[in-house]
Structure formats: C-alpha cells, structure tokens
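Novice: Sharing a model that was predicted from the sequence below.
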Amino acid sequence: RAKARGRATYQFFEPALAETAYADLVLEDELAQGLTRNEFELFFQPQVEATTGQLSGAEALLRWRHPQRGLLSPDAFIFVAERHRLMLALGEWVMREAAATARRWREQGITQGHGPMRIAINLSRMQFNLDGFADTVKRVLEESGAKGQWLELELTERMLIEDIEHAPATLAQLRAMGLTVSVDDFGTGYTSLAHLTELPLDKLKIDQSFTARLPDDVGAQAITRAIVQMAVGLGLTVTAEGVRSAAQWQLLAAWGCQQFQGELVGAPMSAGDFEAWVRAR
Ligand code: C2E
Ligand code: MG
Ligand code: MG
Ligand code: MG
C-alpha cells in the first residue's frame, strides 16, 4: 500500500511540473523585491495621427530590469504577478509612473507643439475589476499632480465583458475625470461591436495580428475593414497596432483608421530615448 501511494506521489510531482512551480515561486519573490528595489521601468511607443503625422500619444509598456536576466518584457512575468495579486501594486506603480512622466514632459516642454499627447496605460483585469478602481485613479492623479486629460486607459474586451455589471459606471467615472478609454487588441476576443455600443468608450485598437496579415490576406482585409468602418460609424477613434509597412498604413487609412502605432512609426523606447525621438521630429 505504501508502495502504491509512493508511486502516486511520484507521479504527482512530475519533475517538469515541480520545476515550473518552483520557478514561479522564485519569480514571485523577485517581483516583490523588484518593486521595492525600483527595477521596473516604462518604455514608450509613439502613436501618430493618420492625416497629419502629428504625435497623438504614447503607449506605456512595462519593462523589468532584472538583476540577472536583463531587460524583461511583460510576457515573461505579468502572468505570475496576476496570479499572486502583486499585479495590484505593480499596476499602481505603472499608473503613478505614467502620471509623473506625463507631468514631467509638460513641465519640460518635451511634447509641446506635438498635439495633446496622452500616455496610454495597460490595465490588468485584476485592477479594473476591483471595487473602487476609479477612486484609485483619482488618488493617483491627485498625488502626482497630473490631469486625467493626459492619460488613457487600455482595457481588453474580456475585462469589459467579465465586469459588464460595473463596467459602464466605472468607465463613466473615468471619462468624467478626463481620461480616454480604449479597447485594446480588438478582434481577438469574443465580443461583438454591438456589445460595445452599450459602453461609454472612446477608442478601439485593432490587434496587430490583423495588421500583420495586411495588405495581402483577403480575409484579414475583409474583417479589418468591417471593424474599422463600424467603429468609425459608432463615433470611436480607431488606432491600428503593429503597423510595419507603408502599404499597411495606406490601406488602413483608406478605411478610416485615424491613428497608427508600430515599428513603421517607432519601436517602444526608454523615456530618455523617447524624449530624444520627439525632439528630433
Ligand atoms: P499590447 O498592449 O497589445 O502592446 C503592444 C505590444 O506590441 C507591445 O509588446 C509592443 O512592443 C508590441 N509591438 C508594437 N509595435 C509592434 C510592431 O510593429 N510589431 C510587433 N511585432 N510588435 C509590436 P510588449 O511591450 O512586449 O507588451 C506585451 C503586452 O504586455 C502588451 O500588449 C500588454 O497587454 C501587456 N503590458 C505591457 N505593459 C503593461 C502594463 O504596464 N500593465 C499590464 N497589465 N499589462 C502590460
Ligand atoms: Mg496595449
Ligand atoms: Mg494591443
Ligand atoms: Mg496584446
């Protein structure tokens, strides 16, 4: 009997599984330390207006300067942060850092003459679905001396649908504070545009998986054109993500897409590099 149990135990602790669990625990620990040691940083990717080419904003993208592993992208650590609620602290750090940066850029005149530039922040579902999220945003704005008009919040379809009871009121509160509300990665979820008409939204970001299949893929053309045209018809601003070629830009602009973000315009850059990039324009 003992032997049978021993075998069962052995099966449960498959080496690969145990290693993954252990690696996650280490990562969780390092994430918490990283926050207190200030190892996180925001990179900024420019967004421009289709018609004028003017800078309209920058998306803040989280990076972690890991002491051993170097510069890490969110895909390498966000999933662990979300599982362990560390994401709330990390998400608040992102908001405070973005608000402080928006203020600094205005004080230093860096974005002057480049349009009413906003910094867009990615939210995790844990943050948005928490009661009192709008109050947290309000507090961050007050503490950092930033205006709601300087920031934009990116949510995914899934976050909106999972919280469909509270989402309309929360979004209305955020917009009343001057923030822009965007739906990120649109087209990858299971929401219909009709569903989104019930929500107070400003902007829709076309997922880069669609952009990547342009200009040649006929299926991607049909879907993307339909999304852009419907969104524009609903009064939403449409931003295309992952724009890498002039051919993609031209096609999307012809359909009514108003803003572009992607390697064709600029890659995500450190704050210092972004400032130099803006000055050089
Ligand atoms: P996202 O919000 O869809 O951000 C766009 C991602 O596409 C970024 O990856 C960006 O570097 C990449 N990208 C931009 N232009 C191009 C292009 O032309 N070609 C290609 N191939 N890629 C491009 P990144 O920085 O690795 O971020 C990945 C995801 O992590 C983001 O996707 C977002 O969902 C999440 N994320 C980033 N920062 C934060 C954050 O502060 N908080 C939360 N909760 N999530 C974040
Ligand atoms: Mg985003
Ligand atoms: Mg996106
Ligand atoms: Mg994404």
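Specialist: Sure thing, it's come through. Ligands and ions are numbered 1, 2, ... in the order given.
Novice: going forward, measure contacts and count neighbours with C-alpha atoms only.
Specialist: OK.
Novice: Need the phi and psi values for the closest residue to ligand 3 within the stretch 101-250 of the chain.
Specialist: The stretch 101-250 of the chain approaches ligand 3 most closely through Asp185 (4.2 Å), counting by C-alpha to the ion. The phi and psi torsions at Asp185 (degrees, to the nearest 10) take the values phi 50, psi 40.
Novice: Please apply the same query to Glu59.
Specialist: Torsion angles at Glu59 (phi, psi; degrees, to the nearest 10) stand at phi -90, psi 130.
Novice: can you tell me how far it sits from ligand 1?
Specialist: 8 Å (C-alpha to the nearest ligand atom, to the nearest Å).
Novice: what do you get for Asp131?
Specialist: Asp131 sits 17 Å away from ligand 1, taking C-alpha to the nearest ligand atom as the criterion.
Novice: count of neighbours near the residue of the stretch 101-250 of the chain closest to ligand 3?
Specialist: Counted with other C-alpha atoms under 10 Å, residues neighbouring Asp185 total 20.
Novice: My read is that it contacts Lys203, right?
Specialist: No. Here Asp185 does not reach Lys203: they are 11.3 Å apart, not a contact under C-alpha atoms under 8 Å.
Novice: Need the residue closest to the centroid of this structure.
Specialist: The centre of the chain sits closest to Asn122, judged by C-alpha atoms, centre = their mean, with a distance of 2.9 Å.
Novice: re earlier: for the residue of the stretch 101-250 of the chain closest to ligand 3, which residues are in contact?
Specialist: For Asp185, the contacting residues are 156-157, 205-208, by C-alpha atoms under 8 Å, 6 or more residues apart in numbering.
Novice: Quick check, pLDDT for it.
Specialist: Looking at Asp185, its pLDDT reads 92.
Novice: so how far is Met269 from it?
Specialist: 21 Å (C-alpha to C-alpha, to the nearest Å).
Novice: For Ala212, which non-adjacent residue is spatially closest?
Specialist: Excluding the flanking residues, the one nearest Ala212 by C-alpha to C-alpha, 6 or more residues apart in numbering is Gly242, at 6.9 Å.
Novice: So that neighbour: helix, strand or coil?
Specialist: Under DSSP: H, G, I helix; E, B strand; the rest coil, the three-state class of Gly242 is coil.
Novice: show me what contacts it?
Specialist: Gly242 neighbours (C-alpha under 8 Å, 6+ apart): 207-209, 211-212, 261-263.
Novice: what ranges do the strands span in this structure?
Specialist: Listed in chain order, the strands found in the chain under DSSP state E are 40-49, 55-66, 70-72, 118-122, 151-156, 180-186, 203-206, 237-240, 259-261, 269-270.
Novice: which one of those is the most hemmed in?
Specialist: Of all the strands of the chain, strand 259-261 carries the top mean neighbour count, a mean of 27, counting by mean count of other C-alpha atoms under 10 Å.
Novice: Any figure for the gap between Leu71 and ligand 1?
Specialist: Going from Leu71 to ligand 1 by C-alpha to the nearest ligand atom gives 11 Å.
Novice: who's in contact with that residue?
Specialist: Contacts of Leu71 by C-alpha under 8 Å, 6+ apart are 63-65.
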